[in-house]
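Visitor: next come a sequence and a model predicted from it.
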Protein chains: 2
Amino acid sequence: MTAGLQPDMFDPACPTTVMPFQIGDKWTAMVLLCLEGGPRRFTELRVPLRRVTPKVLAETLRSMERDGLITRSAYDENPPRVEYSLTPLGHSLLKLLDAARSWCTEHMGDLVAARAAFTARPAATGS
Amino acid sequence: MTAGLQPDMFDPACPTTVMPFQIGDKWTAMVLLCLEGGPRRFTELRVPLRRVTPKVLAETLRSMERDGLITRSAYDENPPRVEYSLTPLGHSLLKLLDAARSWCTEHMGDLVAARAAFTARPAATGS
DNA sequence: GGCGCCGGTTTCGTTGCGGTAACCGGGGGT
DNA sequence: ACCCCCGGTTACCGCAACGAAACCGGCGCC
């Protein structure tokens, strides 16, 4: 069943959006996650990331390839087929990403609470 | 001895600049590191981060305060004194930052090598 | 012959982060 | 009177990232 690549697995309204992390470009972490279950094709990657335009996805994949996180395999078939898969380096980065995700699930409540408390500030009633 | 806050501890030429991480804003991780050894004042923070302008540092500190990573303590003295210190949440984030730094020291060689190999590409000599 | 699939590229526009420079207010030193 | 210190704020600017839309070439299908 395509190993859990649902169209909305990266909902932009997901609260983790507010978390203070970034791995590579905006979509790098999500690509990493999508490739965790094995190689994927270009259009296949656009499904869970369906808001991303081909241009941006291509840029992301290029820089990830350049950094040795993924490999690109093009098969001369018809229709053309291109598969992206994680390298060992990509896998190791995935572990770090998991650590970051653990931090998020563990502390997101604190962060949201801190923001709420900050918004409801004393408003500097000096007078 | 100000616990190791040297002016060049975050050299912009540092190779870790190429690493695919980001915690919060550009300077957040460095502020975290600077506060590891105890509370620091505004101008004191500008020493190791001496390239950062007061505006940007203020923005960074504000958002960190908003997220509950640091606390701001203003003392009504003369000259005015303001101290920033880590919260427990900030400390926990520091641990994650350490994990990221470990990944960097461990895999930076791979990444640099991958980039070098990618630059020296076969250049698609189709003809 | 026209349409669609696949894996992109090209062009253009917008947005927002980061940076530069100047200024501020209150006090103290000389 | 003048300047400096501290902890900022304000106005302005440039660049790179992100995004929308259109296009591309080779092939198969109908």
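Guide: Perfect, thanks for sending it.
Visitor: return the nearest residue of chain A with respect to DNA strand D.
Guide: In chain A, the residue found nearest to DNA strand D is A:Lys26; the distance is 3.2 Å by C-beta to the nearest atom of the strand. In short, each C-beta sits where N, CA and C put it, glycine included.
Visitor: for that residue, what are its contacts?
Guide: Listed by C-beta atoms under 8 Å, 6 or more residues apart in numbering or on different chains, the contact partners of A:Lys26 are A:Val56, A:Thr60.
Visitor: nearest residue to the spatially most central residue of chain A in space, please, no chain neighbours.
Guide: For chain A, A:Met30 is the residue whose C-alpha lies nearest the centre (C-alpha atoms, centre = their mean; 2.0 Å). Take A:Met30 and drop its neighbours on the chain: the residue closest to it by C-beta to C-beta, 6 or more residues apart in numbering or on different chains is A:Phe10, 5.1 Å away.
Visitor: ok, the one you found touching A:Leu49?
Guide: Yes. Look at A:Phe10 against A:Leu49 with C-beta atoms under 8 Å: they come within range, at 6.2 Å.
Visitor: which stretches of chain A aren't confidently modelled?
Guide: Counting by pLDDT under 70, the ranges of chain A that qualify are A:1-3, A:122-127.
Visitor: all strands for chain A, in order.
Guide: Counting by DSSP state E, chain A has strands at residues A:21-23, A:40-41, A:70-75, A:81-86.
Visitor: tell me the gap between the first one and the middle of its chain.
Guide: Spelled out, that is strand A:21-23. Here the centre of strand A:21-23 is set off from its chain's centre by 9 Å, with C-alpha atoms, centre = their mean, to the nearest Å.
Visitor: strand partners of it, parallel vs antiparallel please.
Guide: strand B:21-23 (antiparallel) (DSSP bridges).
Visitor: how about the partner strand against DNA strand C, any contact?
Guide: No. Contact of strand B:21-23 with DNA strand C (C-beta under 7 Å from any atom of the strand) is absent, the minimum separation being 7.6 Å.
Visitor: buried stuff in that strand?
Guide: Buried positions in strand B:21-23, judged by neighbour count with 16 or more other C-beta atoms under 10 Å in any protein chain shown: B:Phe21, B:Gln22, B:Ile23.
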